[in-house]
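# Structure for the following, please:
(chains A and B)
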Protein chains: 2
Amino acid sequence: MRELTVQLGERSYPIYIGEGLLDQAAFYFDKHGIGKQSPLLIVTDEQVGRLYLDKLESGLRAAGYRTVSAVVPAGEQAKSLLQFEELITIALKAGLDRKSAIIALGGGVVGDLAGYAAAAYMRGIRFIQMPTTILAHDSSVGGKVAVNHPLAKNIIGAFHQPAMVLYDLETLRTLPPREVSSGLAEVVKHGLIRSAEFVAWIDENADKLRALDPEALGYALYFGCRVKAEIVSQDERENDLRAILNLGHTIGHALEAVGGYGELLHGEAIAIGMVGAARIGVELGAPREVYEVTKRVLAKCGLPVRLPAHFDTDAIMDAMRHDKKFKEGRMVFIVPTAIGDVVIDKNMSAERVRRIVEQLKEEEQAQ
Amino acid sequence: MRELTVQLGERSYPIYIGEGLLDQAAFYFDKHGIGKQSPLLIVTDEQVGRLYLDKLESGLRAAGYRTVSAVVPAGEQAKSLLQFEELITIALKAGLDRKSAIIALGGGVVGDLAGYAAAAYMRGIRFIQMPTTILAHDSSVGGKVAVNHPLAKNIIGAFHQPAMVLYDLETLRTLPPREVSSGLAEVVKHGLIRSAEFVAWIDENADKLRALDPEALGYALYFGCRVKAEIVSQDERENDLRAILNLGHTIGHALEAVGGYGELLHGEAIAIGMVGAARIGVELGAPREVYEVTKRVLAKCGLPVRLPAHFDTDAIMDAMRHDKKFKEGRMVFIVPTAIGDVVIDKNMSAERVRRIVEQLKEEEQAQ
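Take a look at the predicted model:
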């Protein structure tokens, strides 16, 4: 069992990473002051719910908690205002009050949706993250919650820190290989922005990670969460530093939007975005290995490193214009300067990004 | 011109109360750091928009601001998730970014709706209140923003403090008498919870207030805002003290819901609720004048002090059960102990409240 704390003053919270946490949820809830008087709402999706909802509910009920659950469709389309309203309706009908909590059992989509419902319900009730994907090691830490609008991803949301993150590694065993790789993209990102040593470790251990070796995976998730937690502690509301976590995301979000939030998984889209960012970094003076290592490590993790040719460059640039990382008309872009280091460029030329997007279609496959 | 500050550390903000502020909006925006690079969204309703939108827009544009506007239907039904989504769509299409602001030009409904859009858009952008009703002296201070759910009022929301409140008294001149009285209910409430002297002053000056005498009205709104600001400064997120602002609201919100958010105006509903609360106060030992003065002052302000007989008591009690002031199954109720003083009773019996609701139907008209 690994444990760390996200330091945010009175909003600080613990992250537990280990095996068997689903069974012990009641113990941790009780330890952290989740009372048994008020009902809890568990939000999950059809896939995760089929596997783990009964287990979680029966454990909580055996310990004296009252629970109600909401099972949403799997996939990004669940992050809609309509689904959000449905959760609020369920919460109201179940009598959730200000001492209740909403529990997200699932990946990033479930976490974002359930978290936004918790942020909004009665102007904010407690929220517990129980991630069941590798990708969610990123989204479950830091309090960014949101739903999508047809015109832009994550545009309706809040900063609402969880009360606790319970990360049961056993729930990762059922992930399909493509989801495993997608999740590793954020693990790689945390290395690329903060630790050359960790990137080298991934380079060595990518096979173990893809095979879900518990020790390797536990370490990688712990390290990833720690990088994220440190940055969030310093800049909770993304006034400045926290923006570095968006490495690969400016291009990546646009690719997801243009692909209709379905063709590319989030990690796949940001993998391509990170290759693009590395190319820009090298153009602007970073050593060439920044590009080579980025591409190699991502490919080792089973991620795409070039853009399918049918993605329309105009549509991609247009999607970027709706991204929150635009401030007063200028494009903010995270640029690698070395492996383990990045800078925030608040004045990136859209022309340069456009050229790189074009080049990403011609990218040779690494390895 | 009167000015005061809501003290909330880095979220502190000024309130300006005076005549002609609509014309001078650009001056105050500029003074408080609202930049001209990013577009502003003005939200108003059909009634207020017809009277004041052109004036505000032309003043801002003349000073170099880019503005876009959204005109919503007048009335509580505009506080819907659908209308909220529409505002987000307009904001996206107009290219609002993180340095933009959303301006609420109107009463409490517009403030709550626009404020919630500002709280959610890109996880929170700035928000400026320009109240055009007396009622909004209450809702525009304190950062509570929300939309309604078909099952409960204000259940989807946030705490999102405005960057500034600009209160132009000239915009109050066009208020219909029933709206004036409704607004005075919250003025009376601020007296009842904090200042016997102010209640006595209203008792003397009710006619002037109803006639919109500028000096009397300016003083009353300043005093009301000051009481609200002091309480909010001490308890921003309603952990405890702030609950006293809910005097009359437990019954009042239920009456609004049962009346379909249309039959009774907000101030009318809480006036009846305050008479009910005063009756409970006297039952629990407060001097009888608490009830008599409450009823007299509200009636002088042109407000109803008894409940129309066709309101169904079961439906009212049911609506209360969905109210946020329920914690772990118990009813929280604000009980007057003297004129200018109240206590928070966290253990109020639903039976007692039910009996009082019945009695409110038989209440004799004061005066």
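
# quick one: average pLDDT of the helix or strand that contains A:Ile102?
Under the criterion of DSSP states H and E, A:Ile102 resides in strand A:101-106. Strand A:101-106 carries an average pLDDT of 98.

# what does chain A put close to chain B?
Listed as neighbours of chain B in chain A under the rule Cβ under 8 Å from any Cβ of the partner chain: A:35, A:37-38, A:81, A:85, A:88-89, A:92-93, A:95, A:97-99, A:119-124, A:144, A:146, A:149, A:151-152, A:155-159, A:237, A:321-322, A:324, A:326-329. The C-beta positions use only the backbone N, C-alpha and C, and glycine is treated the same way.

# Out of those, name the ones that lie in helices.
A:81, A:85, A:88-89, A:92-93, A:119-120, A:321 (DSSP state H).

# now the strands for the stretch 151-300 of chain A?
All strands of the stretch 151-300 of chain A, identified by DSSP state E, counting those that start in this stretch, fall at A:152-159, A:164-168.

# By mean pLDDT, show me the worst of the ones you listed.
Set side by side, the strands of the stretch 151-300 of chain A differ in mean pLDDT, and strand A:152-159 is lowest with a mean of 93.

# Mind checking what helix or strand follows the lowest-mean-pLDDT helix or strand in chain A in sequence?
Ranked by mean pLDDT, DSSP states H and E, the helix or strand of chain A with the weakest confidence is strand A:326-327, at a mean of 58. Sequence-wise, the next helix or strand downstream of strand A:326-327 (DSSP H and E) is strand A:330-338.

# Dump whatever helix or strand comes next after that next one to CSV, restricted to CA.
Using DSSP H and E, the next helix or strand after strand A:330-338 towards the C-terminus is strand A:341-348. Extracted as CSV, the C-alpha positions of strand A:341-348 are listed here (Å, rounded to 0.1, in the frame of the first residue of the first chain):
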residue,chain,number,x,y,z
ASP,A,341,11.5,20.0,-18.2
VAL,A,342,9.0,22.2,-20.0
VAL,A,343,8.2,25.9,-20.3
ILE,A,344,4.9,27.7,-20.7
ASP,A,345,4.9,29.7,-24.0
LYS,A,346,2.1,32.2,-23.8
ASN,A,347,2.8,33.5,-27.2
MET,A,348,2.9,30.5,-29.5
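
# so what secondary structure elements neighbour strand A:341-348?
helix A:177-194, strand A:330-338 (3 or more Cβ pairs under 8 Å, 6 or more residues apart in numbering or on different chains; DSSP states H and E).

# What pairs with the last one, parallel or antiparallel?
Taking DSSP bridges as the criterion, strand A:330-338 sits next to strand A:326-327 (antiparallel), strand A:341-348 (antiparallel) in its sheet.

# Now render those strands as CSV, adding mean neighbour count.
Below are the strands paired with strand A:330-338 laid out as CSV (neighbours: other Cβ atoms under 10 Å in any protein chain shown):
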stretch, mean neighbour count
strand A:326-327, 17
strand A:341-348, 16
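
# per-residue pLDDT, A:Arg321?
We note a pLDDT of 82 for A:Arg321 in this prediction.

# Could you tell me how far it is located from A:Gln234?
29 Å (Cβ to Cβ, to the nearest Å).

# repeat for A:Tyr261
Relative to A:Gln234, and taking Cβ to Cβ, A:Tyr261 is found at 31 Å.

# Kindly report the same for A:Lys295.
29 Å.

# what about these two, which has more around it?
A:Lys295 (23 against 12; other Cβ atoms under 10 Å in any protein chain shown).

# Got the domain ranges for chain A?
A:2-174, A:177-360 (automatic domain parsing).

# Start and end of the longest one, how far apart?
Read that as domain A:177-360. By Cα to Cα, to the nearest Å, the extent of domain A:177-360 from end to end equals 24 Å.

# Test for you: state the pLDDT assigned to A:Gly259.
89.

# Just to check, it is in contact with A:Ile272?
No: between A:Gly259 and A:Ile272 there is no contact, the gap being 10.6 Å when judged by Cβ atoms under 8 Å.

# ok, the two, which is more surrounded?
The neighbour comparison of A:Gly259 against A:Ile272 (other Cβ under 10 Å) goes to A:Ile272, with 28 against 19.

# what's near enough to touch the nearest residue to that one once chain neighbours are set aside?
Residue nearest to A:Ile272 in three dimensions, not counting chain neighbours: A:Leu307, with 5.4 Å by Cβ to Cβ, 6 or more residues apart in numbering or on different chains. Counting by Cβ atoms under 8 Å, 6 or more residues apart in numbering or on different chains, A:Leu307 touches A:255, A:272, A:357, A:360-361, A:363.

# Give the residue spans of chain A that score low on pLDDT.
The model of chain A has pLDDT under 70 over residues A:323-330, A:364-367.

# Report the contact partners of the most centrally placed residue in chain A.
In chain A, the residue lying closest to the centroid (Cα atoms, centre = their mean) is A:Ser139, at 2.9 Å. Contacts for A:Ser139 (Cβ under 8 Å, 6+ apart) come out as A:107-108, A:111-112, A:131.

# switch the cut-off to 10 Å
A:104, A:107-112, A:115, A:129, A:131, A:133, A:145-146, A:186, A:228, A:266 (Cβ atoms under 10 Å, 6 or more residues apart in numbering or on different chains).

# and the angle from the top helix by length along chain A to helix A:177-194?
When chain A is parsed with DSSP H, its longest helix is helix A:214-234. Comparing the axes of helix A:214-234 and helix A:177-194 via axes from the mean of the first three to the mean of the last three Cα atoms, to 10 degrees yields an angle of 50 degrees.

# in the helix or strand in which A:Asp112 is found, what's buried?
In this structure, A:Asp112 is located in helix A:108-120 according to DSSP H and E. Within helix A:108-120, the residues that count as buried by 16 or more other Cβ atoms under 10 Å in any protein chain shown are A:108-120.

# between these, which is closest to chain B?
The closest of the buried residues of helix A:108-120 to chain B turns out to be A:Ala120 (Cβ to the nearest Cβ; 4.8 Å).

# pretty sure that closest one is touching B:Ala120, no?
Yes: using Cβ atoms under 10 Å, A:Ala120 makes contact with B:Ala120 at a distance of 8.1 Å.

# Quick check: neighbours shared by these two?
Contacts common to A:Ala120 and B:Ala120, judged by Cβ under 10 Å, 6+ apart, are A:147, A:156-158, B:147, B:156-158.

# Looking at the stretch 1-150 of chain A, which residue is nearest chain B?
Going by Cβ to the nearest Cβ, chain B is nearest to A:Gln37 of the stretch 1-150 of chain A, at 3.9 Å.

# Burial check on A:Pro177, number of neighbours?
Look at A:Pro177: counted by other Cβ under 10 Å, it has 11 neighbours.

# Let me see the contact set for it.
A:210-212, A:302.

# and the gap between it and chain B?
When Cβ to the nearest Cβ, to the nearest Å is the yardstick, A:Pro177 and chain B sit 33 Å from each other.
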